[in-house]
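> Sequence isn't available, so here's the structure alone:
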């Protein structure tokens, strides 16, 4: 089964609203990363959070990590139509350093 | 920097034919990853190399799949013979070696969209 699983599978919001996506994983991790994929394109790295960190910010992105619950969330504030994409979490574990396992992704649609 | 380069971008072939996908990683990166993405199975890691050496090929689905990295700037993924169920988007990604002070971020190429008829 997948190490990282995103929730929800699909999310549709209006421009200006905030979007929250969640990722749960099963085994202890070294780090967790969020990637974005526009339709027909490759994945683009957004942000990395390490196992000893609880929160990170990058522009309109905020990522939290709760290692006790084995979960992470990605918050996009003041969403824009251009944020429409699929968002994936990827986890790297102690036993698989250098190799990240991707979840199935959350498809975000931001309506103008 | 041109980023990760993949070719071809699209490939349509008939069942039984050999398919070769190519990847040029970002200069200075010495970890290279091959992924396959489908609607049914999502993004799957097929194989990854570090310093041109295959480290983990447990994701390679069958013996019909093979990958090589003859030097630091080139890798191929070959499917022989191809089957309709191999139809997918194949991504190559590269990253710097952690032990050399690199980071975990992977940089993805644009992908090769493969259709096997």
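Okay, I see it. Keep in mind that what you see is a predicted model, and the values were worked out from it rather than measured.
> Chain A: strands as residue ranges?
A:4-7, A:10-14, A:19-25, A:29-37, A:43-50, A:55-58, A:61-66, A:71-76, A:85-93, A:100-102, A:106-111 (DSSP state E).
> which one of those has the lowest average pLDDT?
Among the strands of chain A, strand A:4-7 carries the lowest mean pLDDT, a mean of 80.
> what stretches of chain B score poorly on pLDDT?
Low-confidence regions of chain B, defined here as pLDDT under 70, cover residues B:1, B:97-103.
> Leaving out sequence neighbours, find the closest residue to the closest residue to chain A within it.
Minimum separation of chain B from chain A (C-beta to the nearest C-beta) falls at residue B:108, amounting to 3.4 Å. (Each C-beta comes from the backbone N, C-alpha and C, glycine too.) Closest residue to residue B:108 apart from its sequence neighbours, by C-beta to C-beta, 6 or more residues apart in numbering or on different chains: residue A:42 at 3.4 Å.
> Backbone dihedrals for the one you found, both of them.
Dihedral pair for residue A:42: phi -80, psi 170, per degrees, to the nearest 10.
> Verify the stated contact: residue B:94 with residue B:28.
No - applying C-beta atoms under 8 Å as the test, residue B:94 and residue B:28 come out as separate, 9.1 Å apart.
> Looking at these two, which is more packed in?
More crowded of residue B:94 and residue B:28, by other C-beta atoms under 10 Å in any protein chain shown: residue B:94, with 26 against 12.
> That one: what's its closest spatial neighbour, skipping adjacent residues?
residue B:25 (3.4 Å).
> quick one, what contacts the one you found?
By C-beta atoms under 8 Å, 6 or more residues apart in numbering or on different chains, the contact set of residue B:25 is B:4, B:32, B:72, B:73, B:75, B:92, B:94.
> Any chance of a PyMOL selection covering the buried ones in those residues?
To isolate the buried members of the contacts of residue B:25 in PyMOL, using 16 or more other C-beta atoms under 10 Å in any protein chain shown:
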select buried, chain B and resi 4+32+72+75+92+94
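> Could you tell me which residues of chain A lie near chain B?
A:2, A:30-31, A:33, A:35, A:41-45, A:48, A:88, A:90, A:92, A:96-105 (C-beta under 8 Å from any C-beta of the partner chain).
> and with 6 Å instead?
A:31, A:42, A:43, A:45, A:102, A:104 (C-beta under 6 Å from any C-beta of the partner chain).
> between the residues you listed, which is closest to residue A:9?
Distance ranking of these against residue A:9, using C-beta to C-beta, places residue A:104 first at 7.2 Å.
> ok, back up a step: touching, the residue of chain B closest to chain A and residue A:41? I think so.
No - Residue B:108 lies out of contact with residue A:41 (C-beta atoms under 6 Å); the separation is 8.4 Å.
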